[in-house]
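Colleague: need coordinates for the below:
(one chain, ligands or ions: 1)
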Amino acid sequence: MLLKNGKVLVDNNSDMDFKKTDIRIDDGIIIELAENLTPTPYEECIDLNGDYVLPGMVNSHYHSYTNILRGTSFGEPLELWSVDTVALGKILTETEMALSVSLGICEMLHAGVTACVDHLPHLATSYTAAKTYETTGFKSALAPMLHNIPDNKVLYKMDEVIPNNLEDNSFPTVEEYTHYYMNFIEKFHNPNGNLQVMVGVNSPQRADDKLLKAAYELSYKFNLPIHCHLLETRWQKISADQTISPVLKLEQFGLLGNRTSLAHCIWMNEDELNLIAKRKAIVVSNPTSNCFLGSGIFPSKEYLKRNIPIALGSDGVNCGTNNNMLDILRFFLLIQRSQEQDYRQWINVKEGFHMITKNSNRILGFHRPLGEIKANYSADLVVVNKNSILNILDNYLLNQIIFNSSLSVKHVLINGHFVMKDSKILKIDEENLKREICARKPYLQQDMLKALNSTKKEKNLYKSIYQSL
Ligand SMILES: [Zn+2]
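Modeller: Numbering: from 1, shown residues only. Modelled structure (predicted):
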């Protein structure tokens with residue numbers, strides 16, 4: 001396939017520019033970039049007529065099940081919010097999960113996002129999520145969560161209100177987790193295609209030693225990248241200070257390396273930061289979610305000075321966020337500027353754009369590299385209507401796209417295939433999706449209210465300790 005006459009976003013030494021370039025794609029890969037390429041006989045040729053072409057953006061930390069839960073958070077910090085969200089997540093049926101995943105895919109495609117890390121807490125509906133990604137062609141790295149210690153057993157002082165010896169049988173056994181993973185990998189793991197499986201530790205303190213050992217073995221045996229939440233809140237930090245650093249715990253079990261991505265990473269000490277740098281792990285900031293839940297501000301400076309790569313994620317949509325990575329990036333850059341008095345240290349637009357494109361490449365771990373428009377890279381491309389950008393200063397268009405424009409995305413290709421054409425998503429009927437969600441409203445409404453009512457008692461216990469910290 002030949003895409004003619006596009007203005008293509010490419011890296012130059014100091015900046016990123018749009019250059020008039022044709023793109024030749026074969027077998028899902030960009031094979032040639034040059035001006036005035038001639039179509040070969042029988043080659044499909046599409047004239048982009050001066051529209052802009054960007055690499056597909058990546059959401060490096062995301063929970064698809066929350067798309068359908070938007071609006072169900074009430075101005076409370078993470079630990080209280082979690083009690084509701086866990087209860088709400090449990091009510092979702094397979095059909096509702098498919099609708100929630102599809103809704104997220106539609107929103108991401110319209111925003112030019114072509115790939116995500118989906119950190120999945122519910123094993124039962126994870127198959128539905130995988131099938132939905134598979135059929136729509138959306139690129140995803142799926143990280144089903146490994147989790148067998150509840151927060152009330154690890155959060156500081158919670159043992160004052162919930163006895164620590166209370167048995168919790170709601171988690172699968174380590175053997176069940178391993179069996180599940182083997183099955184999931186066999187069914188869906190395809191790093192040459194559009195689905196990659198990751199080892200999704202929930203967070204190091206939420207998994208016992210046996211489970212962390214199993215996580216390492218799965219990662220080693222199947223060569224899987226690792227993804228987890230890490231030191232997101234002050235309460236987690238206070239709790240970690242009483243026992244062992246979760247970063248050290250990852251290190252202890254061989255889970256900290258250059259294929260490990262760590263979401264949040266707000267409350268780190270010097271030793272932890274240095275260890276992350278030494279092991280060449282990647283951090284994923286989720287600025288909108290962190291601000292919404294009052295978790296804290298990601299210390300960009302500490303990561304930048306240690307050359308630790310930063311990627312960005314939306315986290316769950318019920319954390320005051322959306323699935324538009326340009327919005328998340330804008331928010332991240334504005335916060336960084338407000339925290340940094342020396343403007344020469346501000347993250348520039350090129351570095352920022354890399355956080356939602358090429359920095360995610362190693363996180364997702366697909367065989368074909370992504371996040372750049374370059375020969376031998378995956379053809380994950382976003383074509384933007386040229387009229388949605390004010391073309392006065394050609395050299396500053398990326399600046400405009402990040403800070404001033406709402407992009408009108410026309411076409412999206414993933415692995416060289418159109419998944420959206422003329423703003424119409426090809427494998428999801430969006431009107432029907434909306435109708436199906438509306439049709440479920442009466443059941444969802446009832447179940448959600450029931451779930452929210454059921455958490456009141458437990459939430460009060462968390463509240464009582466939270467207020468005493
Ligand atoms: Zn998360």
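Colleague: enumerate the beta-bridge partners assigned to V409.
Modeller: Counting by DSSP bridges, V409 is bridged to V384.
Colleague: and M420, by the same measure?
Modeller: Under the criterion used (DSSP bridges), M420 bridges to V412, I425.
Colleague: list the contacts of it.
Modeller: L109, H110, V409, H411, V412, L426 (CB atoms under 8 Å, 6 or more residues apart in numbering). For the C-beta atoms, the positions are set from N, CA and C on the backbone; glycine is no exception.
Colleague: now the residues you listed in TSV, with neighbour count, pLDDT and distance to S338?
Modeller: As requested, these are arranged in TSV below (neighbours: other CB atoms under 10 Å; pLDDT from 0 to 100; distance: CB to CB, whole Å):
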residue	neighbour count	pLDDT	distance to S338
L109	27	98	31
H110	18	98	29
V409	18	97	29
H411	22	98	36
V412	27	98	33
L426	14	97	41
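Colleague: wait, which of those is closest to G6?
Modeller: For these, the minimum distance to G6 (CB to CB) is 10.0 Å, reached by H411.
Colleague: the nearest residue to that closest one once chain neighbours are set aside: how many residues sit nearby?
Modeller: Nearest non-adjacent residue to H411, counting by CB to CB, 6 or more residues apart in numbering: V383, 4.0 Å away. Neighbourhood size, V383 [other CB atoms under 10 Å]: 26.
Colleague: mind giving me the packing neighbours of the strand or helix carrying I185?
Modeller: Secondary structure assignment for I185, by DSSP states H and E: helix 174-188. Contact partners of helix 174-188 among helices and strands, from 3 or more CB pairs under 8 Å, 6 or more residues apart in numbering; DSSP states H and E: helix 123-136, strand 139-146, strand 195-197, helix 209-222.
Colleague: which residues touch that helix?
Modeller: 123, 126-127, 130, 134, 142, 144, 146, 148, 172, 195, 197, 199, 210-211, 214, 217-218, 222, 224.
Colleague: mind checking which of these are buried?
Modeller: Neighbour counting over the contacts of helix 174-188 (16 or more other CB atoms under 10 Å) leaves 123, 126-127, 130, 134, 142, 144, 146, 148, 195, 197, 199, 211, 214, 218, 224 as the buried ones.
Colleague: most centrally placed residue in the chain?
Modeller: Central residue of the chain (CA atoms, centre = their mean): H61, 2.3 Å from the mean position.
Colleague: quick one: pLDDT of that residue?
Modeller: You'll see H61 listed with a pLDDT of 98.
Colleague: thought it was touching V284?
Modeller: Yes: between H61 and V284 there is a contact at 4.5 Å, judged by CB atoms under 8 Å.
Colleague: so what sits against both of the two?
Modeller: Both H61 and V284 are contacted by V117, S261, A263, A311, L312, G313, under the criterion CB under 8 Å, 6+ apart.
Colleague: got those as CSV, with secondary structure columns?
Modeller: Below are the shared contacts of H61 and V284 laid out as CSV (DSSP: H, G, I helix; E, B strand; the rest coil):
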residue, secondary structure
V117, strand
S261, strand
A263, strand
A311, strand
L312, strand
G313, coil
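Colleague: let me know the closest of the residues you listed to L329.
Modeller: Proximity of the shared contacts of H61 and V284 to L329 (CB to CB) peaks at L312, which lies at 6.0 Å.
Colleague: number of residues surrounding the closest one?
Modeller: L312 has 27 nearby residues by other CB under 10 Å.
Colleague: again with R70
Modeller: 16.
Colleague: name the nearest residue to I328, sequence neighbours excluded.
Modeller: Nearest residue to I328, sequence neighbours excluded (CB to CB, 6+ apart): L312, at 5.3 Å.
Colleague: repeat that for Y62.
Modeller: Spatially, and ignoring its direct neighbours in sequence, Y62 is nearest to C116 (4.8 Å; CB to CB, 6+ apart).
Colleague: show me what the helix or strand harbouring the one you found is packed against.
Modeller: Assessed by DSSP H and E, C116 sits inside strand 113-120. If you count contacts as 3+ CB pairs under 8 Å, 6+ apart, strand 113-120 packs onto strand 57-63, helix 94-110, helix 123-136, strand 139-146, strand 226-230, helix 361-364, strand 409-414.
Colleague: could you dump it to CSV, C-alpha only?
Modeller: Extracted in CSV, the C-alpha atoms of strand 113-120 (Å, rounded to 0.1, in the frame of the first residue of the first chain):
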residue,chain,number,x,y,z
VAL,A,113,-4.4,6.4,20.1
THR,A,114,-3.6,3.1,18.5
ALA,A,115,-2.3,1.0,21.4
CYS,A,116,-2.7,0.6,25.1
VAL,A,117,-1.6,-1.4,28.2
ASP,A,118,-4.8,-2.8,29.6
HIS,A,119,-4.2,-3.7,33.3
LEU,A,120,-7.1,-6.1,33.8
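Colleague: show me the contacts for V10.
Modeller: V10 neighbours (CB under 8 Å, 6+ apart): M16, D17, F18, K19, T21, L33, I373, K374.
Colleague: hmm, the fourth one is touching V8, no?
Modeller: What it means is K19. Yes: shown here, K19 and V8 form a contact pair, counting by CB under 8 Å, at 5.8 Å.
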